[in-house]
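Trainee: show me how the following folds:
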Amino acid sequence: EVQLVESGGGLVQPGGSLRLSCAASGFTFGDYAFGWFRQVPGMDREGIACIKTDGTTYYTDSVDGRFTISTDNNKNTAYLQMNNLKTGDTADYYCAAKCRGTQDYRYWGQGTQVTVSS
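Mentor: A predicted model of the protein is given here:
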């Protein structure tokens, strides 16, 4: 059974940090690229970071320089380190995986909530 399980969300003050984890199982981790997305209720889902199987990373402008995506092939886990969090980062965060060479994300996690508030 394929699973992506996010964890690490919570309440943090502006300027604080959180690290989200995405534990993967049921597929060959190293063959997949991973992305992090976020969604505010009533708004479209936004892709914010991705990492290819060769380690190349991409970030949307709003998080570039503050967030870092990474993977640990030994732990079958993807991470999103979020620093200098802002109130505008408040959202539900999701990880997703897509097979190398494909366009669409095939597997999705259930999401973890991040609230940035003083």
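Trainee: endpoints of stretch 8-25, how far apart?
Mentor: Start-to-end span of stretch 8-25 (Cα to Cα, to the nearest Å) is 18 Å.
Trainee: report the buried residues of it.
Mentor: Neighbour-count burial for stretch 8-25 flags 8-9, 12, 18, 20-22, 24 (criterion: 16 or more other Cβ atoms under 10 Å). In this view, the C-beta of every residue, glycine as well, is placed from N, C-alpha and C.
Trainee: right, and residue 18 touches residue 12 too?
Mentor: Yes. Applying Cβ atoms under 8 Å, one finds residue 18 in contact with residue 12, separated by 5.5 Å.
Trainee: between the two, which contacts overlap?
Mentor: Residues touching both residue 18 and residue 12 by Cβ atoms under 8 Å, 6 or more residues apart in numbering: 85, 114.
Trainee: so for this structure, the centremost residue is which one?
Mentor: The centroid of the chain falls nearest to residue 36 when counting by Cα atoms, centre = their mean (2.8 Å).
Trainee: bridging residues for that residue?
Mentor: Beta bridges link residue 36 to residue 49, residue 95, judged by DSSP bridges.
Trainee: relative to residue 18, how far out is it?
Mentor: Relative to residue 18, residue 36 is positioned 12 Å away (Cβ to Cβ, to the nearest Å).
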